[in-house]
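Engineer: The following block contains a protein sequence and its predicted model.
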Amino acid sequence: MAGIGFSLRKLFDKKGIFNLCRAYGYAGIISTGPMLLGVALLGGISFAARLGGMPPHDRELLNCLLTYSLLASLFISSWFNMGVTRFISDMFYEEKNDKVMSSFYGSTAIMLVLCVVLYGTFLHFSGVSLAYRLLCLWFSLVLIVVWNEMIYLTAVKDYQSIVLSFSISLMTGFLLVLIAILLGFVRIEVFMLAIIAAYGLLMCRYLKVLLDYFPTRMGSNFSFLAWMDKYRSVVITGGMLNIGLFSHMIIMYFGPLQVQVEGFFYGAPQYDIPALFAFSSLMITTINFIASVEVRFYPKYRDYYGLFNDNGCIRDIEQAEAEMLSVLRQELVYAGHKQLFTTILFIVIAPPVLEALPLGFTALSADIFRFLCVGYGTYAIANSMMLILLYFEDYAHALIGSSLFAVISTAVTIWQVLYGNRNFYGVGFFAGTLVFFVVSVIGLEYHTKRLPYYLLARQSILPRKERGPLVFIADKLDARQERLEAQRQSQSAADKGNAL
């Protein structure tokens, strides 16, 4: 969300190592909270289950139940993330903060219904016990609320409460698991209930922060649907990114590395473990994007566009554009160098460490890990450039890049599973990220050379009347809400008159 860096900049302006660490910590939790939670959850619970003496089959099933629920919640929420974010940003710009929480309730309700229908259908035919099915569905529903809250929390400046809630919830989860181990309740159901309790606590604490920040709400809960139609390309971009990120893992569940754990729950431990740890290598660049690119780039971006609104002279506009693009290039190069160093460090150091741990990390896993590290590193830089394209409202290149990423990553991975060499598993994902990177570079280079043209010449002279099924639904619901509010107001006035 544009502007979060403005508040983080105040933290980075403070001197001292402690303040610097705190600023990066806040940026990390806000920007990579879901990723950190996912990695900590799967890694920590797997270790705790092994420590508690859980049978191998139960450990594999627990890992599958958690992984499938995570993927289901991320897949459903990814189709709403960017559209909802755009709606929130526009409401702030129009000073209609009362509509923010309404959209939260509406978007959450729709996603929960979709999760019950889609994931619930899969679970019904999954072949596992009823208790596991209910726990998985419960867990995924809680996750969806948390992911949606994370979007809205980017608008909240109370970083201390956000980080405190995150830390308390994470520690609560592991504490409950530890207590279960000490009491001898080393069962899948107990571990899942502990995890659900931890995420439920996080959900409640985040909701309290949101309600403190947005105490009132008005309008229809589904006004944001019009934005889903208006910015359809942005919505599809968010969904395609998610497909590109995770499709290669799901495809491996049905390839030569598959392990049928129970019913329709499959795994590929030789691929899952390296994917999990390789995925964590992109967090450095993700945090750096929030902490450096937005903190330094956004003020220049705001000043440049402000000159057009404030009748700035041509010389000032050209100078502001040059300064903005110079900062952008510096930060992207800096982020690239950081990611390159991190990727090399992971490739060199991580395999021997992972092989020494009791995780089932094999020589084949090490080969896969190297390809995936390069792929996730490339994705981190490409995604940073894609987000800059969204800043400049170049939705076309963002959509093309994310779509090619999803299609190529999926198609090449399928080809590898059918005809490829096992030692090259992971190359399909890397191929998709490489194309994503190239398209992002081309799009950013093309658009930044023509900024004044895109800003002035391609704007509509007359406001466009958006059309689409979601716009129609949103308009109908808004009109219905207005009638209900008018009736309540008239009834309230009548009651006051009768009382007098």
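Structural biologist: Yes, it's here.

Engineer: In a strand, Tyr266, correct?
Structural biologist: Yes. According to DSSP: H, G, I helix; E, B strand; the rest coil, Tyr266 belongs to a strand.

Engineer: Could you double-check that it sits in contact with Met252?
Structural biologist: No. The criterion here is Cβ atoms under 8 Å, and Tyr266 misses it with Met252 at 9.1 Å. The C-beta positions use only the backbone N, C-alpha and C, and glycine is treated the same way.

Engineer: Now for those two: what residues contact both?
Structural biologist: Common contact partners of Tyr266 and Met252 (Cβ atoms under 8 Å, 6 or more residues apart in numbering): Gln258.

Engineer: Neighbour count for those two, which is higher?
Structural biologist: Met252 (25 against 18; other Cβ atoms under 10 Å).

Engineer: okay, that one: pLDDT?
Structural biologist: For Met252, the pLDDT comes out at 91.

Engineer: which residues sit in contact with it?
Structural biologist: Met252 is in contact with Gln258, Ala268, Tyr271, Asp272, Thr413, Val417, Tyr425, counting by Cβ under 8 Å, 6+ apart.

Engineer: For Thr410, see how far away it is.
Structural biologist: 12 Å (Cβ to Cβ, to the nearest Å).

Engineer: Repeat that for Ala109.
Structural biologist: Distance, Ala109 to Thr410, by Cβ to Cβ: 30 Å.

Engineer: between those two, who's got more neighbours?
Structural biologist: Neighbour count, other Cβ under 10 Å: between Ala109 and Thr410, Thr410 has more, with 20 against 12.

Engineer: so which helix or strand takes in the more buried one?
Structural biologist: Assigned by DSSP states H and E, Thr410 belongs to helix 395-419.

Engineer: ok, back up a step: can you pick the most crowded of the contacts of Met252?
Structural biologist: For the contacts of Met252, neighbours tallied by other Cβ under 10 Å; top is Tyr425, 27 neighbours.

Engineer: if you skip the residues just before and after it, what's nearest to that one?
Structural biologist: Ile368 (5.0 Å; Cβ to Cβ, 6 or more residues apart in numbering).

Engineer: show me the contacts for that neighbour.
Structural biologist: Counted by Cβ under 8 Å, 6+ apart, Ile368 has contacts Gln270, Tyr271, Pro274, Ala275, Tyr425, Gly426.

Engineer: And it, how far from Leu245?
Structural biologist: Taken as Cβ to Cβ, the span from Ile368 to Leu245 is 16 Å.

Engineer: go on, Ala131?
Structural biologist: 30 Å.

Engineer: after the helix ranked longest in the chain, next one along is what?
Structural biologist: The longest helix of the chain (DSSP state H) is helix 314-356. Per DSSP H and E, helix 314-356 leads on to helix 363-391 as the next helix or strand towards the C-terminus.

Engineer: Enumerate the positions of that next one that are buried.
Structural biologist: 365-391 (16 or more other Cβ atoms under 10 Å).

Engineer: Run through the helices of the stretch 401-500 of the chain in chain order.
Structural biologist: 427-448, 451-452, 469-499 (DSSP state H, counting those that start in this stretch).

Engineer: Please tell me the pLDDT value assigned to Val438.
Structural biologist: Per-residue confidence at Val438 stands at 96 (pLDDT).

Engineer: what residue ranges in the stretch 251-400 of the chain are flagged as low confidence?
Structural biologist: Low-confidence segments of the stretch 251-400 of the chain, defined by pLDDT under 70: 290-294.
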